[in-house]
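Colleague: structure for the following, please:
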Amino acid sequence: MKIGFIGLGNVGGKLAMSLLRNKFDLNVNDLDKKLCKEFEKKGAKVANSIKDLTIKSDLIITCLPSPKISSEIMEKNDGILAGLSPNKIWLEMSTTDESEVIRLGQMVKDRGAVPLDGPVSGGCHRAETGNIAIFVGGDRNGFDQILPALTVMGRKILHTGKLGSASVLKVITNYLASVHLAALGEAWSVAKKSNLDLNKTYKGIAVSSGNSFVHETESQVILNGSYNINFTMDLVEKDMNLFNELSKKLDLDLEISPFVLDIFKDAKDKFGSRAWSSMVVKRLEDKFKINFRASGYPEELVDEDPEKKGYEI
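Modeller: Alright, predicted model coming up:
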């Protein structure tokens, strides 16, 4: 299977590297030509254009920062749609809007090709080792065809149903992660002001009913003080907006999500759009003139699980 991969950023670059590490025939494209050169040195081909990459690939993967950029890559004159032909597969691994992936998916179908949406969840450290989770929506036969590629990019692979269903599930999980992160800021504030041992607090939360994936991962870089979670404020805002817009389309007047979105907007205004998203807790550190530092925690998360071939759950 020849694979074309577009978008070599924080997540996409790690997913693409897993494909290359596992000997897939890989053709890449990114606006950052330095990233392309790095892949070329390791054995990947570099496409002259998106259209050329599409023509030469059986599976075309996009992993991009926003629905707007994905649409541009798909629809421009020398984009993916211009190079698609029957039986090719497009896999949208960006976190995107359900209605947009369905709209683009119909254009893919009109050309006799197969559209799938396949966002990932579990953190950049797990993307690096091929141990991240992948949700995939769309045609079951198309899913089965690309499963060998999915099982080297991710550990647990879930076929979620129709096209767009994976994107909905992804924004739900990102919403929950954002809520947990905002709540951690308050939890650490109370722990600090109560003069609790923060190492013991970390362990206590981790074995309690209050535990979460976000605590087990992001609390570590918060306690270290690096806040380096490899995910930025602007991306949280984008994902939260996707969730809130979806709730409005469904005529759901939600209570928590608009409030949490305002918290992250305030953090983005204070620390910048490219600040690490876990710095949302620093709002409270600054407000209360405290810090959440403790010894023994990493500056950046590393997945200590060995790389293993993934499987469908």
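Colleague: so what's the gap between the lengthiest helix in the chain and the chain middle?
Modeller: Of all the segments assigned as helix in the chain under DSSP state H, the longest by residue count is helix 165-193. In terms of Cα atoms, centre = their mean, to the nearest Å, the centre of helix 165-193 is found 15 Å from the chain centre.
Colleague: please apply the same query to stretch 228-245.
Modeller: Stretch 228-245 sits 10 Å away from the centroid of its parent chain (Cα atoms, centre = their mean).
Colleague: identify the residues contacting that stretch?
Modeller: Here stretch 228-245 makes contact (Cβ atoms under 8 Å, 6 or more residues apart in numbering) with 10, 65-67, 95-97, 123-125, 171-172, 174-175, 178, 217-218, 221, 254, 257-258, 260-261, 264-265, 267-268, 271-280, 299-301. The way it works is simple: take the backbone N, C-alpha and C, and place the C-beta from them, glycine included.
Colleague: can you turn the buried part of those into a PyMOL selection?
Modeller: Buried residues within the contacts of stretch 228-245, by 16 or more other Cβ atoms under 10 Å, are selected in PyMOL with:
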select buried, resi 10+65+66+67+95+96+97+123+124+125+171+174+175+178+217+218+221+257+260+261+264+267+268+271+275+276+277+278+279+280+301
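Colleague: circling back: average pLDDT for the longest helix of the chain?
Modeller: Averaged across helix 165-193, pLDDT comes to 98.
Colleague: what helices and strands are in contact with the next helix or strand after it?
Modeller: Following helix 165-193 in sequence order, the next helix or strand is helix 198-206 (DSSP states H and E). Judged by 3 or more Cβ pairs under 8 Å, 6 or more residues apart in numbering; DSSP states H and E, helix 198-206 is in contact with helix 165-193, helix 213-224.
Colleague: now distance to residue 150 too, for the ones you listed, in a markdown table please.
Modeller: Shown next, in a markdown table, are the helices and strands packed on helix 198-206 (distance: least, Cβ to Cβ, whole Å):
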| stretch | distance to residue 150 |
| --- | --- |
| helix 165-193 | 12 |
| helix 213-224 | 21 |
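Colleague: hang on, the earlier thing: angle of the longest helix of the chain against helix 213-224?
Modeller: Angle, helix 165-193 to helix 213-224, by axes from the mean of the first three to the mean of the last three Cα atoms, to 10 degrees: 40 degrees.
Colleague: got the buried residues for helix 165-193?
Modeller: For helix 165-193, burial by neighbour count (16+ other Cβ under 10 Å) applies to 165-171, 173-175, 177-185, 187-189, 191-192.
Colleague: what residues does residue 76 make contact with?
Modeller: Applying Cβ under 8 Å, 6+ apart, the residues near residue 76 are 50, 82.
Colleague: any idea how far it is from residue 182?
Modeller: Per Cβ to Cβ, to the nearest Å, residue 76 is found 37 Å from residue 182.
Colleague: got it, and residue 259?
Modeller: Noted for residue 259: a distance of 9 Å to residue 182, by Cβ to Cβ.
Colleague: then residue 17?
Modeller: Note on residue 17: its distance to residue 182, by Cβ to Cβ, is 32 Å.
Colleague: with adjacent residues omitted, what lies nearest to the residue nearest to the spatial centre of the chain?
Modeller: Residue closest to the average C-alpha location in the chain (Cα atoms, centre = their mean): residue 120, at 5.2 Å. Leaving aside its sequence neighbours, residue 120 sits nearest to residue 132 (Cβ to Cβ, 6 or more residues apart in numbering; 4.8 Å).
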